[in-house]
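sequence and predicted structure below; questions after.
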Amino acid sequence: MPLAGAVALAVLLGVAAYVIFTRQRACTGEKLTLRVVATPDLHPAINKIATKYNQDPHPLDDRCVTVAVTKESTSKAGNGLINGKLAADLWVADSSLTVDRLRGSSGGEAVPEPAGSIARSPIVLAAAKSAATTLTKTFQPSWQGLINTANVANPNGPGRKIRVLALDPQKNAAGLSALLAAAGAARKTGLTDKQLVGALKQLSGQVVADPAALLASLTVKSGRKVPLGVATEQSVWAHNTKKPDAPVVPLYPVEGTLSLDYPIMVTAKDPTAVKAAAAFQKQLGAESARKTMRDYGFRSPDGKSGSALSTDRGFSAAAPAALEPPDGKAVASMAQSWSRLNLGTRLLALLDVSGTMVLPVPGTTMNRMQAIGKIAGEGLGLFPASSEIGVWAFSTLLQGEQDWRELVSVGPLAESVDGVLRKEALAQQLATVQAKPTGDTGLNDTLMAAYQQMKASYERDKINTILILTDGAGNDDPGGTTDAQILNYLKKEYDPKRPVNLLIIAFGPDAPKGKKQMDALAKASGGEAYIAKDVLAVRDFFLRGMSRRLCMPDCEDDS
């Protein structure tokens with residue numbers, strides 16, 4: 001017995017010595033630091049996995065591998081990779097949609113094909129827990145409901161009681177995914193492009209860059225509208241973990257949803273680093289690593305959730321239905337649409353104050369001047385505070401020999417003009433402007449002067465537009481610029497690379513008489529002309545004008 005014990009002890013000591021010797025020998029070479037760059041939301045989970053991974057030696061080609069994890073937004077990391085400035089051997093992005101866009105961009109060949117997904121987080125609607133019960137009594141969580149609520153063309157819809165907040169799709173994959181899911185669901189139910197444009201335009205004024213800031217704002221009371229946002233399921237978990245006294249709950253769209261899928265890519269060039277990246281990638285796919293990610297509010301790639309997403313916390317244990325992922329063309333189109341719709345607005349409105357504007361509007365208590373003023377106020381109210389807008393009045397001989405008079409100069413609505421905000425000055429002028437009873441319609445001279453000014457002060461980062469609001473009687477200025485002359489002028493001066501477009505809205509029984517000339521002027525400037533049958537129709541015309549941003553400079557005539 002003593003002899004057997006001694007032998008066993010010797011064997012154990014020998015094994016221990018061999019292990020220690022082998023470990024020391026395996027790590028005699030230069031240390032290799034595997035650089036992992038992860039999207040910020042996934043960074044804490046991957047960093048924890050890496051910390052545990054580093055507790056054991058991982059010899060590779062006589063070198064010991066240590067994993068170092070840093071965080072970087074997908075857009076910044078992707079651009080860094082394209083420009084050769086991303087210090088990473090392994091990169092985990094937030095969404096394949098973003099990676100596909102990067103791969104299709106200039107220099108995108110530097111972005112490798114993703115080697116699979118390591119986690120998943122569905123895109124959901126979100127509301128403060130304190131408001132969710134009241135909200136869901138009148139609002140069914142759905143992408144179609146989101147579009148209807150945000151639609152500026154539907155002022156009497158659910159948007160009267162709900163304020164929708166969006167994540168900036170240019171900075172956040174969850175924001176882009178939400179727009180794609182909403183647009184796809186809306187089109188399946190027959191919503192028109194005009195309605196979609198109205199919703200996108202409204203959402204563009206309620207954009208939040210950071211998911212944490214968006215979720216925090218849902219729990220802050222501001223006005224009578226209940227705030228509703230979009231976020232990832234995981235970001236809802238993260239918010240509630242940090243702010244348990246102001247919880248937010250996920251609302252799962254009935255149509256299903258898209259998800260962030262966290263694709264992983266080996267970006268290393270050194271052969272040994274490539275092997276190390278492959279080894280850690282394999283570790284990230286292990287069940288222990290997936291459990292860690294589930295503990296941080298993520299789902300596994302197959303949709304499996306953990307205790308972090310329990311039903312008693314307001315989550316769905318089962319993964320929501322998955323919508324068909326959009327193709328690259330749809331993603332690029334949505335990104336372009338959002339970018340164009342969010343170009344700034346620089347607009348000069350020309351307001352007809354000629355003698356015919358004192359005539360009454362049949363069936364109302366207003367004259368044409370009052371109706372046009374209301375139309376202008378209704379339309380200009382659709383533009384955000386960052387827009388640059390001004391107004392001229394036009395008739396004949398309004399200012400000496402000049403047929404126009406500046407009422408408010410073109411500039412930011414939020415800028416002060418003579419002690420009041422330009423937005424308030426515009427509203428005041430539109431509400432009080434009077435027609436000139438003896439004035440003719442000096443449109444052509446006014447339009448030529450306005451076009452010269454807007455072209456000379458053209459701003460590339462904005463949509464530069466001249467809005468004409470008239471009763472449609474045309475131009476009857478004796479000795480002034482003729483219809484043929486102004487048409488030839490516009491054709492000569494219009495530059496598709498620096499476009500100044502006309503948006504013409506006519507109102508009143510005389511409007512159809514001038515429709516042919518209105519159409520010709522609009523076509524010469526890449527614009528549009530409309531006849532409003534009632535004041536409320538102006539919302540439709542302004543939205544159609546906004547939607548032309550999506551097709552310029554190759555829009556088809558839809559008049």
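It's in. Numbering: from 1, shown residues only.

wouldn't residue 445 be in contact with residue 482 here?
No: taking contact to mean Cβ atoms under 8 Å, the distance of 10.3 Å between residue 445 and residue 482 leaves them out of contact. The C-beta positions use only the backbone N, C-alpha and C, and glycine is treated the same way.

which of these two has more residues huddled nearby?
residue 445 (21 against 12; other Cβ atoms under 10 Å).

point out where the stretch 51-200 of the chain drops to low pLDDT.
By pLDDT under 70, the low-scoring segments of the stretch 51-200 of the chain are 151-159, 191-195.

all strands for it, in order.
In the stretch 51-200 of the chain, the segments counted as strands under DSSP state E, counting those that start in this stretch are 59-60, 63-71, 90-92, 121-128, 162-164, 166-167.

I'd like to know which of these lies nearest to residue 336.
strand 166-167 (17.0 Å; Cβ to Cβ).

what pairs with that closest one, parallel or antiparallel?
In the sheet containing strand 166-167, its partner strands are strand 207-208 (parallel), by DSSP bridges.

I'd like the average pLDDT over the strand it pairs with.
Averaged across strand 207-208, pLDDT comes to 86.

related to what we said a few turns ago, wait, which of the strands of the stretch 51-200 of the chain is closest to residue 470?
Evaluated with Cβ to Cβ, those place strand 162-164 nearest to residue 470, the distance being 35.3 Å.

ok now the closest one, how far from the chain's centre?
With Cα atoms, centre = their mean, to the nearest Å as the basis, strand 162-164 stands 16 Å off its chain's centre.

contacts for it, please.
Outside of strand 162-164, the residues that reach it under the criterion Cβ atoms under 8 Å, 6 or more residues apart in numbering are 135, 139, 146, 149-150, 202-203, 206, 223, 225-229.

right, and the helix or strand after the host helix or strand of residue 448?
Following DSSP states H and E, the helix or strand that holds residue 448 is helix 443-456. Counting by DSSP H and E, the next helix or strand C-terminal to helix 443-456 is strand 462-470.

now the angle from whichever helix or strand comes after that following strand to helix 443-456?
The helix or strand immediately downstream of strand 462-470 is helix 483-493, counting by DSSP H and E. With axes from the mean of the first three to the mean of the last three Cα atoms, to 10 degrees as the basis, helix 483-493 and helix 443-456 are set at 10 degrees to each other.

can you put the strands of the stretch 51-200 of the chain in TSV and add distance to residue 292?
As requested, those are arranged in TSV below (distance: least, Cβ to Cβ, whole Å):
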stretch	distance to residue 292
strand 59-60	23
strand 63-71	13
strand 90-92	14
strand 121-128	15
strand 162-164	34
strand 166-167	26
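
a markdown table please, covering those strands and showing mean neighbour count.
Formatted as a markdown table, the entries for the strands of the stretch 51-200 of the chain read as follows, by neighbours: other Cβ atoms under 10 Å:
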| stretch | mean neighbour count |
| --- | --- |
| strand 59-60 | 17 |
| strand 63-71 | 18 |
| strand 90-92 | 27 |
| strand 121-128 | 26 |
| strand 162-164 | 21 |
| strand 166-167 | 26 |
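
quick revisit: so what sits against both of residue 445 and residue 482?
Taking Cβ under 8 Å, 6+ apart as the contact definition, residue 445 and residue 482 share no neighbouring residue.

where does the prediction get shaky in the chain?
Counting by pLDDT under 70, the chain shows low-confidence ranges at 1-29, 151-159, 191-195, 473, 534-540, 542-559.

spit out the contact partners of the residue lying closest to residue 393 once chain neighbours are set aside.
Leaving out its chain neighbours, the residue that sits closest to residue 393 by Cβ to Cβ, 6 or more residues apart in numbering is residue 353, at 4.6 Å. Residues counted as contacts of residue 353 (Cβ under 8 Å, 6+ apart) are 369, 393-395, 398, 433-436, 439.

restricted to buried residues, select these in PyMOL.
In PyMOL syntax, the buried subset of the contacts of residue 353 is picked out as below (16 or more other Cβ atoms under 10 Å):
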select buried, resi 369+393+394+395+398+433+435+436+439
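
distance to residue 311 and secondary structure added to the contacts of residue 353, as a markdown table?
As requested, the contacts of residue 353 are arranged in a markdown table below (distance: Cβ to Cβ, whole Å; DSSP: H, G, I helix; E, B strand; the rest coil):
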| residue | distance to residue 311 | secondary structure |
| --- | --- | --- |
| 369 | 62 | helix |
| 393 | 63 | strand |
| 394 | 65 | strand |
| 395 | 69 | strand |
| 398 | 69 | strand |
| 433 | 60 | coil |
| 434 | 65 | coil |
| 435 | 66 | coil |
| 436 | 70 | coil |
| 439 | 71 | coil |
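
list the residues that contact residue 449.
Applying Cβ under 8 Å, 6+ apart to residue 449 gives the contacts residue 404.

distance of it relative to residue 442?
Residue 449 sits 10 Å away from residue 442, going by Cβ to Cβ, to the nearest Å.

list the residues that contact both of these two?
Both residue 449 and residue 442 are contacted by residue 404, under the criterion Cβ under 8 Å, 6+ apart.

send the alpha carbons of stretch 52-61 over as PDB?
Listed next in PDB are the C-alpha coordinates belonging to stretch 52-61 (Å, rounded to 0.1, in the frame of the first residue of the first chain):
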ATOM      1  CA  LYS A  52     -12.500  34.300 -19.400                       C
ATOM      2  CA  TYR A  53     -10.800  33.100 -22.600                       C
ATOM      3  CA  ASN A  54      -7.500  34.800 -21.600                       C
ATOM      4  CA  GLN A  55      -7.400  32.900 -18.300                       C
ATOM      5  CA  ASP A  56      -6.100  29.900 -20.100                       C
ATOM      6  CA  PRO A  57      -3.100  29.800 -22.500                       C
ATOM      7  CA  HIS A  58      -3.800  29.600 -26.200                       C
ATOM      8  CA  PRO A  59      -0.400  28.700 -27.800                       C
ATOM      9  CA  LEU A  60      -0.300  29.200 -31.600                       C
ATOM     10  CA  ASP A  61       2.900  28.800 -33.600                       C
END
